[in-house]
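*Asks:* Structure of the sequence below:
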Amino acid sequence: MKRLFTIVGIALVALSCTTEAETTIDTTTLELSIPEEIKQGTPVSTNYATIDFREYDLRVIVEMYAAGADEPYSRKEIYWDEQSTTFTLDELPTTGEYTILGWADFVTTQGEDLHYDTSNGLRKITQKDRAINDDSYAAFALSATIKDGKLAQGAKLWPAASKYGIAIDDAELVAQISTVEITYAQYISAGFNVETMKPNTFEPTATVTGNKATYENESNVLATAYVLTDAEEQTNIKQNITLKNANGEEVSTLTGLVTPLFNHIFTLCILPTTEGDEPEFSMHHYSE
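*Replies:* Below is the predicted model:
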């Protein structure tokens, strides 16, 4: 069942007693819990839109690997419906060391990939396409270790794709713009390894074009987009941006724009309107 909501993160939670030092996993089940913010449709993934996800299903893929193994010990694909608050995994081993990999994204048909190809496993995810102003490209990942039935580290799904936006503080110029073209001018991520929580495939360049965004409360925002990024380090992307009017004529062009991205922060790049000026950047944690 599909529903309107916006996703922040999903916690991987053990069922049983916990202490400050460690989490002991129940010998039979492990849950993926849906936070209240998602169930209530709180618009926390960006300050600039509340997105209708009724066209999509939230899919979570979980793979478990024995230490040193190339193939998963188990793999499960699960979907959230609004009647359920948790995803429950099957029996877990209580001895030995295993790696749990998790991936969450949006699909329109259960059992089929949409924007991210997961057919080669969660160590080799490939991005299938790109778009602007489309929050269905949001993706989340986790990598955690279970040793002798205990979580060796915290396990939470974090954004694997960083969201950023482009804006201009010039109402007259914004009114002229109809389409936005973004060309990534240097190597741009095109795949992701959930185990390392880093992109592992890159394209030398990529171009995406779409209509100007229409955000009711943020009329200066021209476009938003998602890029797969490192979970721990800043990622810089280099873009050429072309803004066109309804006749396809160029209104403005900016080349060599370097934008810093962080996987848990929405970066808004405010483009300069005067030649020689530098862009400004506004950072927003998803929870703001």
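
*Asks:* all helices for the stretch 51-200 of the chain, in order.
*Replies:* Secondary structure of the stretch 51-200 of the chain (DSSP state H, counting those that start in this stretch): helices located at 171-176.

*Asks:* Could you list the low-pLDDT ranges of it?
*Replies:* Within the stretch 51-200 of the chain, the stretches with pLDDT under 70 are 51-54, 81-92, 152-155.

*Asks:* Strands of that one, residue ranges please.
*Replies:* Ranges of strands within the stretch 51-200 of the chain are 57-66, 74-79, 86-89, 97-107, 116-117, 125-127, 140-147, 150-151, 156-159, 161-167, 179-184, 188-193, 198-203, based on DSSP state E, counting those that start in this stretch.

*Asks:* from those, which stretch is densest packed?
*Replies:* Highest mean neighbour count among the strands of the stretch 51-200 of the chain (mean count of other C-beta atoms under 10 Å): strand 161-167, with a mean of 25. Glycine gets a C-beta too; all of them are placed from N, C-alpha and C.

*Asks:* Next, the angle strand 198-203 makes with that strand.
*Replies:* Here strand 161-167 runs at an angle of 60 degrees relative to strand 198-203 (axes from the mean of the first three to the mean of the last three C-alpha atoms, to 10 degrees).

*Asks:* who touches strand 161-167?
*Replies:* Residues outside strand 161-167 that contact it (C-beta atoms under 8 Å, 6 or more residues apart in numbering) are 45-46, 48, 135, 137-139, 180, 182, 218, 220-229, 235, 241, 259, 261-263, 265-271.

*Asks:* Report the separation between residue 111 and residue 100.
*Replies:* The gap separating residue 111 from residue 100 is 22 Å, by C-beta to C-beta, to the nearest Å.

*Asks:* swap in residue 75?
*Replies:* 11 Å.

*Asks:* Which of the contacts of strand 161-167 are buried, as a PyMOL select command?
*Replies:* Buried members of the contacts of strand 161-167, defined by 16 or more other C-beta atoms under 10 Å, are picked up in PyMOL with:
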select buried, resi 45+46+48+135+137+138+139+180+182+220+221+222+223+224+225+226+227+228+229+235+241+259+261+262+263+265+266+267+268+269+270+271
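
*Asks:* So which of the contacts of strand 161-167 are in strands?
*Replies:* 180, 182, 221-228, 235, 241, 259, 261, 265-270 (DSSP state E).

*Asks:* sorry, back to before: shared neighbours of residue 75 and residue 100, which are they?
*Replies:* Joint contacts of residue 75 and residue 100 (C-beta under 8 Å, 6+ apart) are 62-64.

*Asks:* how about those residues in JSON lines, adding distance to residue 191?
*Replies:* Formatted as JSON lines, the shared contacts of residue 75 and residue 100 follow (distance: C-beta to C-beta, whole Å):
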{"residue": "62", "distance to residue 191": "19"}
{"residue": "63", "distance to residue 191": "16"}
{"residue": "64", "distance to residue 191": "21"}
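
*Asks:* Of those, which is the nearest to residue 212?
*Replies:* The closest of the shared contacts of residue 75 and residue 100 to residue 212 turns out to be residue 62 (C-beta to C-beta; 38.3 Å).

*Asks:* So that closest one sits against residue 98, correct?
*Replies:* No: Residue 62 is not in contact with residue 98 according to C-beta atoms under 8 Å; the separation is 11.4 Å.

*Asks:* how far out from the middle of the chain is stretch 168-187?
*Replies:* 23 Å (C-alpha atoms, centre = their mean, to the nearest Å).

*Asks:* Cool, thanks, signing off.
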